[in-house]
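Chemist: using only what follows, build the 3D model:
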Amino acid sequence: MTITRIILWMVVASFGVAEAKQVSSVVQHLNILASKEFAGRKADSDGYRKAQQYIFAALENKLPTFNHHFTFDYGFSEHVGQNIYAVKKGNVFADKYIVITAHYDHLGTKGGKVYYGADDNASGVSVLLELAHYFAHQYTRYSMVFLATDAEEKGMHGAKAFLNDAMIEPSQIVLNVNLDMLGYGKKQRELIIAGTKPFPFLKPIVNSANKSVPVPFRFQETVQSNVVSTKKQRIQLLRSSDHYPFYLQDIPFLMVTGENHHRYHTDKDKADKIDPMFFEKANNSVNGLVVALDQFLITI
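Modeler: Numbers count the residues shown, from 1 in each chain. Got it, this is the predicted structure:
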């Protein structure tokens, strides 16, 4: 048995065979990445390293997979981060890449409480893994990179390092699709998509995908910052996550996310709070979106 299969088997087995058979693979990923064993995936913790092993094994099971180590300054000290990415070569434009990102780091434990980070962002990473598994043996026009980023919570350092270290030359990247917090959607009826305002040529492709996906995408460039606040301040999605470093290098992006909620950055952000039926539909919708982008995206 390969190390990949051993790691995947050991982690899934911790949830029981019966449970593993009852849920889809994307929900299994969510349950595992947001489990107590992974303890919120804070940098340099045991749970963080378990998450890295799990993500690498899941990607390596289907595609050539690589670790990308980098350093960054945070506070008054230097830290080491680790991105994990897999590459699927395109059948037509092999030297042009759609880079799909989702950050796996979270807050860890505080005051004896585990901040599980199910929605933020085990949900995005789980969909990323499913996309890699789906597209691994599919015909695609463009090459694809499935990039699980580190240190997003500390300033998007993983995405910045991936671009600055030219793991894929930025000039070869035609689009970034960033997945961050997909567990809730907008009242479980829509997912939010940002990026068509600065890059309007992407809007017809999203509209095309909306004709067939189970959870449609709503065009929106802001979300409410705090659902319990009476001030109803708004967050500009442009600067909110790992797509922003791509934007700063003039790379078009789409960010897919859901509504803000009272469990965000609390110990209540658990996998069992996410409706598995909705999450499976959200996964299928993102899959349909990437299919449409690969099919209809035109680059010079």
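Chemist: okay, CA-based contacts and neighbour counts for the rest of this
Modeler: OK.
Chemist: I'd assumed L182 was in contact with A102.
Modeler: No - contact criterion Cα atoms under 8 Å: A102 and L182 do not qualify, at 10.5 Å.
Chemist: mutual contacts of the two, please.
Modeler: Both A102 and L182 are contacted by G124, under the criterion Cα atoms under 8 Å, 6 or more residues apart in numbering.
Chemist: quick one: what helix or strand has E130 in it?
Modeler: Using DSSP states H and E, E130 sits within helix 123-135.
Chemist: pLDDT on that helix, on average?
Modeler: Throughout helix 123-135, pLDDT has a mean value of 98.
Chemist: CA atoms of that helix as CSV?
Modeler: What follows is helix 123-135, C-alpha atoms only, in CSV (Å, rounded to 0.1, in the frame of the first residue of the first chain):
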residue,chain,number,x,y,z
SER,A,123,-15.0,23.9,2.8
GLY,A,124,-12.9,25.6,0.1
VAL,A,125,-10.1,23.0,0.4
SER,A,126,-12.5,20.2,0.2
VAL,A,127,-14.0,21.5,-3.1
LEU,A,128,-10.4,22.1,-4.3
LEU,A,129,-9.6,18.4,-3.7
GLU,A,130,-12.7,17.3,-5.5
LEU,A,131,-11.9,19.5,-8.5
ALA,A,132,-8.4,18.0,-8.7
HIS,A,133,-9.9,14.5,-8.7
TYR,A,134,-12.5,15.3,-11.3
PHE,A,135,-10.2,17.2,-13.8
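Chemist: can you list the residues that contact it?
Modeler: 25-27, 29-30, 55, 58-59, 62-63, 86, 88, 100-104, 146-148, 179-183, 283, 286-287.
Chemist: got a list of contacts for the longest helix along the chain?
Modeler: In the chain, assigned by DSSP state H, the helix with the most residues is helix 276-296. Helix 276-296 is contacted by residues 24, 26-27, 127, 130-131, 140-142, 182-185, 188, 191, 205-206, 208-210, 212-216 when judged by Cα under 8 Å, 6+ apart.
Chemist: with only the CA atoms kept, save it in PDB.
Modeler: Extracted in PDB, the C-alpha atoms of helix 276-296 (Å, rounded to 0.1, in the frame of the first residue of the first chain):
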ATOM      1  CA  PRO A 276     -24.200  18.300   3.600                       C
ATOM      2  CA  MET A 277     -26.800  18.400   0.900                       C
ATOM      3  CA  PHE A 278     -26.200  22.000   0.200                       C
ATOM      4  CA  PHE A 279     -22.400  21.600   0.300                       C
ATOM      5  CA  GLU A 280     -22.600  18.800  -2.200                       C
ATOM      6  CA  LYS A 281     -24.600  21.000  -4.500                       C
ATOM      7  CA  ALA A 282     -22.100  23.900  -4.000                       C
ATOM      8  CA  ASN A 283     -19.300  21.600  -4.900                       C
ATOM      9  CA  ASN A 284     -21.100  20.500  -8.100                       C
ATOM     10  CA  SER A 285     -21.700  24.200  -9.000                       C
ATOM     11  CA  VAL A 286     -18.100  25.100  -8.600                       C
ATOM     12  CA  ASN A 287     -17.200  22.100 -10.800                       C
ATOM     13  CA  GLY A 288     -19.600  23.400 -13.500                       C
ATOM     14  CA  LEU A 289     -18.200  26.800 -13.300                       C
ATOM     15  CA  VAL A 290     -14.600  25.600 -13.900                       C
ATOM     16  CA  VAL A 291     -15.800  23.500 -16.800                       C
ATOM     17  CA  ALA A 292     -17.400  26.600 -18.300                       C
ATOM     18  CA  LEU A 293     -14.300  28.700 -17.700                       C
ATOM     19  CA  ASP A 294     -12.100  26.200 -19.300                       C
ATOM     20  CA  GLN A 295     -14.400  25.800 -22.300                       C
ATOM     21  CA  PHE A 296     -15.200  29.500 -23.000                       C
END
